[in-house]
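*Asks:* sequence? don't have it. structure:
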């Protein structure tokens, strides 16, 4: 039997974009973070390679300086060795010294008086000074000449090589590899902490949650326009059947445990809880059940937008006892489906919600008027509203978005519910790829009216 058109179904394109937005943003942030870490590892490798190249060039300069230094010493030694070779001043100096010695002998042989000797010595004094200077210069020449023997080659010239070059090269390579491994480990740790749910099996095995149902991914508006009429009808039928299957599982659990008020929540925003609540409410109403959807997402209401209703009066006004419950209930275009919008939230409304008694009174009055009540609440982790509301309902249905919901956050949210003894019925996984529904194609098609 074909289900009638509902406002929730008419807003499939809007819902698809709302469901795809957090998924795309989450995947984009995930990819950007991983690329940033990998780029950081590559930068470290480039820096290490640059240091190695600089080290090699520096060693080349040391070798060149060592060779040129030995060459300079050799040249200087050769110059010193050849300074006094063939110098004519040495012969003049020797002749002058011989003449002075002969003159002294002549003076002694002639037995001259002291006065005459002193006069002759005064005459010879300039010659002696000149001879002294020549001897000093000769001594300097001889010292320079002997420099060739004082400068000795201690060892043969060779190109200096760093004996620890191989060890340092291995150390540099090890440092680069270690840095790269460190970056990979950090990226892996972040991936592990932010790992996202990628399938139904992961919800069962890693989270230990019971699967109540699955919902296919909403196609984007561009895909809807491009798709043929037959493909659009096929997708609508798959969506309706998945919601009907989820409804059947939920009602079965509700009958066994005598449940009438079920809250639909999620760990964080953008995991499909509001879409799930509207689709389930429409499915139950189509099945002939008097169904009520209560929008308790007071801080960020959206149920009224899906059904094109006014946001006030609603739950906030009822909790403040400004209006009666019957005045807040608004009918929809879907037979057997009613909605209580969120109303205008304020700090006084949150304080009244924390008291608990006004909310419990609201649910008790509604139980006698409707067959089933679905409560759309805010996510568990951002604020405490879902934990306050969950203490006054019969059970909680957890909404999970494939490739968006993160395992650590889902675990943290479910643990908070368990600590308050709030019954968790199971999970509904949204955003399942269409290839999962490819089996039994002959059954997944629109039947005649």
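*Replies:* Received, thanks. Keep in mind the model is a prediction, meaning the values are calculated, not measured.
*Asks:* where in the stretch 201-350 of the chain is pLDDT low?
*Replies:* 220-232 (pLDDT under 70).
*Asks:* mind running it again at 50?
*Replies:* Under the criterion pLDDT under 50, no range of the stretch 201-350 of the chain is flagged.
*Asks:* where do the helices sit along it?
*Replies:* Under the criterion DSSP state H, counting those that start in this stretch, the stretch 201-350 of the chain contains helices at 221-226, 229-256, 273-286, 303-306, 315-319, 325-328, 347-355.
*Asks:* just name the most buried of those helices.
*Replies:* The highest mean neighbour count among the helices of the stretch 201-350 of the chain, using mean count of other CB atoms under 10 Å, belongs to helix 273-286: a mean of 27. All C-beta atoms are positioned from the backbone trio N, CA, C, and that covers glycine.
*Asks:* make a markdown table out of the helices of the stretch 201-350 of the chain and add distance to residue 416.
*Replies:* Formatted as a markdown table, the helices of the stretch 201-350 of the chain follow (distance: least, CB to CB, whole Å):
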| stretch | distance to residue 416 |
| --- | --- |
| helix 221-226 | 36 |
| helix 229-256 | 21 |
| helix 273-286 | 16 |
| helix 303-306 | 24 |
| helix 315-319 | 22 |
| helix 325-328 | 29 |
| helix 347-355 | 16 |
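*Asks:* who wins for proximity to residue 366 among the ones you listed?
*Replies:* Among the helices of the stretch 201-350 of the chain, helix 325-328 comes nearest to residue 366, with 6.8 Å by CB to CB.
*Asks:* which SS state does residue 417 fall under?
*Replies:* With DSSP: H, G, I helix; E, B strand; the rest coil as the basis, the three-state label of residue 417 is helix.
*Asks:* before we move on, the earlier item: so which of the helices of the stretch 201-350 of the chain is nearest residue 426?
*Replies:* Minimum separation from residue 426 across these (CB to CB) falls at helix 229-256, 7.5 Å.
*Asks:* tell me what the closest one is packed against?
*Replies:* Applying 3 or more CB pairs under 8 Å, 6 or more residues apart in numbering; DSSP states H and E, one finds that helix 229-256 makes contact with strand 211-216, helix 273-286, strand 395-401, strand 424-432.
*Asks:* what lies in contact with the last one?
*Replies:* Strand 424-432 is touched from outside by 19, 23, 197, 200, 203, 207, 209-218, 242, 246, 249-250, 253, 259, 262, 271-272, 275-276, 395-404, 414, 417-418, with contacts defined as CB atoms under 8 Å, 6 or more residues apart in numbering.
*Asks:* PyMOL command for the buried members of those?
*Replies:* The buried subset of the contacts of strand 424-432, as determined by 16 or more other CB atoms under 10 Å, is captured in PyMOL by this line:
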select buried, resi 19+23+197+200+203+207+209+211+212+213+214+215+216+217+218+242+246+249+250+253+259+262+271+272+275+276+395+396+397+398+399+400+401+402+403+404+414+417
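*Asks:* how about the helices of the stretch 201-350 of the chain, which one is nearest residue 296?
*Replies:* Among the helices of the stretch 201-350 of the chain, the nearest to residue 296 by CB to CB is helix 315-319 (5.9 Å).
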